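Novice: got a predicted structure plus its sequence, pasted below:
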Protein chains: 2
Amino acid sequence: MVELASGEGVASLRAELSAILGDGGLLERPDFETRSCDPFRHVPILSPFIARPSDAHQLSAVIEAAAAHDFCIVTHGGRTGVAGGAFTRPDSIVVSLERMNRIEEICEVDQLAVVQAGVPIQALHEAAEARGLFYPVDLGAKGSATLGGTISTNAGGNHVVRWGMTRQNLLGVEGVLADGTIVSSLNRLVKNNTGYDLKQLFTGTEGTIGIVTKAVVKLVAMPTTQSVALVAVDGMSKVLSLLNLARAMPTLSAFEVMWRDYYDLMAASNSGRRPLEPGHSYYVLVESMGNDQEADEAAFERFVHQATQQDLVVDGVVASSEKQRRDLWHVREGSEIIVREFGKIVSFDISAELGSIEQVVEEAYAALRQRFPQVRGTTFGHLGDNNIHLGIGIGEETVERTAEIEEIVFDVLARHHGAITAEHGIGTLKRQFLRKYLSEGEMAAMRRMRDAFDPDRRLNPDVML
Amino acid sequence: MVELASGEGVASLRAELSAILGDGGLLERPDFETRSCDPFRHVPILSPFIARPSDAHQLSAVIEAAAAHDFCIVTHGGRTGVAGGAFTRPDSIVVSLERMNRIEEICEVDQLAVVQAGVPIQALHEAAEARGLFYPVDLGAKGSATLGGTISTNAGGNHVVRWGMTRQNLLGVEGVLADGTIVSSLNRLVKNNTGYDLKQLFTGTEGTIGIVTKAVVKLVAMPTTQSVALVAVDGMSKVLSLLNLARAMPTLSAFEVMWRDYYDLMAASNSGRRPLEPGHSYYVLVESMGNDQEADEAAFERFVHQATQQDLVVDGVVASSEKQRRDLWHVREGSEIIVREFGKIVSFDISAELGSIEQVVEEAYAALRQRFPQVRGTTFGHLGDNNIHLGIGIGEETVERTAEIEEIVFDVLARHHGAITAEHGIGTLKRQFLRKYLSEGEMAAMRRMRDAFDPDRRLNPDVML
């Protein structure tokens, strides 16, 4: 039974919010009974209201009204985050940016887009593509994940090795601070050192400093060539040499490594994911994207040739059609196989230096095996970005022993100066670990910053720190 | 006559600083009489002391001692900044990072370097190159400019079109806040969303939030190929088409545009800077750097060929030797010719959108001519980054009428949403313009941030805002 806020205060808040937001701006129970705060299971919204401002001014007024009634704000983008950043509480108002869903401008000369925070990444992709342009941040959840959400979580994805995280693809931001101040910093210039770079306040801070309402993002020319190969490699040192070789291609757009535990599961799944024989220690998907067919294909061929000559690969296949390219990517995107095989898993999104990745993974499994002899795992990573995803299952108890499983892996990581989250963020679910794995000075600086902008913890109070 | 702080307070501060810094750590008059706070003219240091800490702990103690004696801190890197960021006052202690000049580590596997703040960029380049690696931030002042200084000013340079500003080449930072807190956030991972990205506090904030003591920077494989062409182009729309064509080369590393007023001056200088006939409206230096000789040269040839076929260029020359490449760059790096010809100039470092650059430049000269019929100018820019440098002379009165000249140009820029500084920063000299050209919300957010970290204005009090 969920305890909900009620009474006179709520009635007057409702009236104020309605007046601010106008027709269709305010949702109330049971309008949002079926909405979940989590992409994988139903986590109900405990707030009495979802406020859907149509611009920064409305949002500013909503924040002030919430404060006057001692409600806090929880921000909702596409609710695809896996760190519990969208989880609510009864004394919160949800602010959803879903009505701010307009792509205001796509500029071909300056290769940029001005986009409202509620626009899904996929919609941005499509609008850019129609003009021969490309927004390089690409992630599995792009159909629902919004630009605002990906800014506030600094989302990564598959192309980070080439174009960087969301932070690197942003030019300017408009957002609203916890006291209702509208910060319009819609920079459109590559080089601009006029004052502090205010978009950083909103990027990767998970809505704890301010709420993004609009952004200017960089676009690039839509790549017209794509080459994809899948190769089998015996040994991590050869994987790293292969990465160096691949990096000589300035068009390198993905370098995805699957450990044997991952690939063998795919190959055995009868889902057509078996382009190479299983049993090798690593499988690497290499992708190049560019705009010069002749040059890009020649460079990719040379890469494959050199990799073979230098004895870095034991087996391999190069896609020669769009269908084959999709099929090779299909091997890497097999999360439904893992879910089918393992049932429940604890999913990790960690980073480690290339020089210690092999050791981190080995030590993590050794430590897990010691505590849970029945442990099973699948391992893959965006290796060029230091990012590894582990899926760990220990059977029936997997869910209730999540914290224990996490602590084992995080302790291994800490010894190797790794990161407990690479791209998924802290949210509400990793918050307990932050203090343990960051230094005192880092925690102090973060607290100072949050206290300066949101002394009353009005915005996403249970998120981050 | 400079008024210097003196008396008992200073004597006790001297004793404290000496104890903190040890042998050789403290400089006093007349040790630094010949040092200047400006790279182009002698601006004396008004502080009684230069504190030269050898690590973050010493720096932290220095800041605390300064605060106890009500002195502020002015930070000195290589003192190559042109915005007066290193200017001192009598109640300041200069903190120079010059004894923190060690490259602690260069990691070939993870392609990164751990570098103390006082290391000059050139020293970092040389150390990286010895391992086959490259630090992509490259600027004219690299012999003196330090890593710490370039981080705190978010320095740009010639290769921004390819590798971005300093901000994009940073992984982690160690720094000290105004209250002495040491923030060690020496991240070494490409993807790391564990908490706020604290290096942003130190990057481009010109030493007003904290002082950088050490950093982790990204390196890339040392480019082994370089292609350079200089072409003459009639009309800005063709320049922009050429830029789009050049961007299809993922190896594009510079796209430098010289206006006719700049090129004709070079061509007439008898300094061997006349590879093409003068008189065309624009001259563009295009550079590509890569690691695949065959592919890179073929792509560059194709670029030149297409530019000619599409009738984008009226004249051009492609360098065929290292000497010719240097000679072509020599045309673009002719600031001594401008100084010889113009005597004093007001130098601008502005940004504008590609779509309005031509208009901004034309309107700026028209407005200047209206007020100063005798005005002369030279114009060039890192066009791919929106960045234009104007050098403006009006004869004898150039220096005393600087503010007037700046206001005329900045007002034109404001109408076109340009930036009053692209890469040089605000420092003490552009500070008066900040309030005028930023929005209220931006100023409020900046003040909030500075007040949170340095409520007593201990660090670089006259800088930025």
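Specialist: Looks like it arrived, so ask away.

Novice: can you tell me the SS state at whichever residue of chain A sits closest to chain B?
Specialist: Of the residues in chain A, the one nearest chain B is A:Ala452, at a distance of 3.1 Å by C-beta to the nearest C-beta. (C-beta placed from N, C-alpha, C; glycine too.) Local secondary structure at A:Ala452 is given as helix here, using DSSP: H, G, I helix; E, B strand; the rest coil.

Novice: how about the nearest residue to it, chain neighbours excluded?
Specialist: B:Ala452 (3.1 Å; C-beta to C-beta, 6 or more residues apart in numbering or on different chains).

Novice: that neighbour reaches A:Pro455, doesn't it?
Specialist: No. Checked against C-beta atoms under 8 Å, the pair B:Ala452 and A:Pro455 is beyond contact range at 9.9 Å.

Novice: who has more neighbours out of those two?
Specialist: Between B:Ala452 and A:Pro455, counted using other C-beta atoms under 10 Å in any protein chain shown, the more crowded position is B:Ala452 (18 against 11).

Novice: model confidence for that one, exactly?
Specialist: With respect to pLDDT, B:Ala452 scores 97.

Novice: contacting residues around it?
Specialist: Shown in contact with B:Ala452 (C-beta atoms under 8 Å, 6 or more residues apart in numbering or on different chains): A:448-449, A:451-453.

Novice: just A:Ile182 next, same as before
Specialist: Listed by C-beta under 8 Å, 6+ apart, the contact set of A:Ile182 reads A:56-57, A:60, A:174-176, B:441.

Novice: can you say which of those residues are buried?
Specialist: Buried subset of the contacts of A:Ile182 (neighbour count, 16 or more other C-beta atoms under 10 Å in any protein chain shown): A:56, A:60, A:174-176, B:441.

Novice: tell me the two of these that are most distant?
Specialist: A:Ser60 and A:Glu174 (11.2 Å; C-beta to C-beta).

Novice: on that earlier part again, wait, which of the contacts of B:Ala452 is closest to A:Val114?
Specialist: A:Phe453 (24.4 Å).

Novice: residues near that closest one, how many?
Specialist: The number of residues packed near A:Phe453 is 21, by other C-beta under 10 Å.

Novice: what residues does the stretch 301-450 of chain A put near chain B?
Specialist: The stretch 301-450 of chain A comes close to chain B at residues A:302, A:351-355, A:382, A:384-387, A:417-426, A:434, A:437-439, A:441-442, A:444-446, A:448-449, as judged by C-beta under 8 Å from any C-beta of the partner chain.

Novice: in strands, which of those appear?
Specialist: A:351, A:382, A:387 (DSSP state E).

Novice: how about the strands in the stretch 201-350 of chain A?
Specialist: Using DSSP state E, counting those that start in this stretch, the strands found in the stretch 201-350 of chain A span residues A:210-218, A:220-221, A:225-233, A:252-259, A:282-290, A:315-318, A:346-351.

Novice: before we move on, the earlier item: gap between the residue nearest to A:Ala452 and B:Leu59?
Specialist: Distance, B:Ala452 to B:Leu59, using C-beta to C-beta, to the nearest Å: 20 Å.

Novice: and for the residue nearest to A:Val339 when sequence neighbours are not counted, the neighbour number?
Specialist: Nearest non-adjacent residue to A:Val339, counting by C-beta to C-beta, 6+ apart: A:Ile345, 7.2 Å away. For A:Ile345, the neighbour count with other C-beta under 10 Å is 22.

Novice: distance of A:Ile345 relative to A:Val82?
Specialist: Plainly put, A:Ile345 is 12 Å away from A:Val82 if you go by C-beta to C-beta.

Novice: tell me which helix or strand of chain A sits lowest on mean pLDDT?
Specialist: Taking mean pLDDT, DSSP states H and E as the measure, chain A has helix A:335-342 as its least confident helix or strand, at a mean of 88.

Novice: pLDDT value on A:Ser6, please?
Specialist: As predicted, A:Ser6 sits at a pLDDT of 61.

Novice: and for A:Val119?
Specialist: Taking A:Val119 on its own, its pLDDT is 98.

Novice: A:Val2 now?
Specialist: 43.

Novice: quick one: low-confidence parts of chain A?
Specialist: By pLDDT under 70, the low-scoring segments of chain A are A:1-6.

Novice: if you set the cut-off to 50 instead, what comes out?
Specialist: A:1-3 (pLDDT under 50).

Novice: not counting its neighbours along the chain, what's nearest the residue nearest the centre of it?
Specialist: Note on chain A: the residue nearest the mean C-alpha position is A:Ala155, at 3.6 Å, using C-alpha atoms, centre = their mean. Spatially, and ignoring its direct neighbours in sequence, A:Ala155 is nearest to A:Thr166 (4.9 Å; C-beta to C-beta, 6+ apart).

Novice: please tell me I have it right and the one you found contacts A:Tyr135.
Specialist: No. At 10.0 Å, A:Thr166 does not count as touching A:Tyr135 under the criterion of C-beta under 8 Å.

Novice: can I get stretch A:22-32 as PDB, trimmed to CA atoms?
Specialist: Extracted in PDB, the C-alpha atoms of stretch A:22-32 (Å, rounded to 0.1, in the frame of the first residue of the first chain):
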ATOM      1  CA  GLY A  22      -2.800  25.100 -18.600                       C
ATOM      2  CA  ASP A  23      -4.800  22.500 -20.500                       C
ATOM      3  CA  GLY A  24      -3.300  19.100 -20.500                       C
ATOM      4  CA  GLY A  25      -0.300  20.200 -18.600                       C
ATOM      5  CA  LEU A  26      -1.100  18.400 -15.300                       C
ATOM      6  CA  LEU A  27      -1.600  14.700 -14.900                       C
ATOM      7  CA  GLU A  28      -3.100  13.100 -11.900                       C
ATOM      8  CA  ARG A  29      -3.900   9.600 -10.800                       C
ATOM      9  CA  PRO A  30      -5.100   7.400 -12.400                       C
ATOM     10  CA  ASP A  31      -3.700   9.100 -15.600                       C
ATOM     11  CA  PHE A  32      -0.300   7.500 -14.900                       C
END
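
Novice: can you tell me what sits against it?
Specialist: Contact with stretch A:22-32 is made by A:4, A:14, A:17-18, A:45, A:48-54, A:58, A:94, A:96, A:99, as judged by C-beta under 8 Å, 6+ apart.

Novice: go again using 10 Å as the cut-off
Specialist: Contact with stretch A:22-32 is made by A:4, A:14-21, A:35, A:44-45, A:47-54, A:58, A:62, A:76, A:93-94, A:96, A:98-99, as judged by C-beta atoms under 10 Å, 6 or more residues apart in numbering or on different chains.
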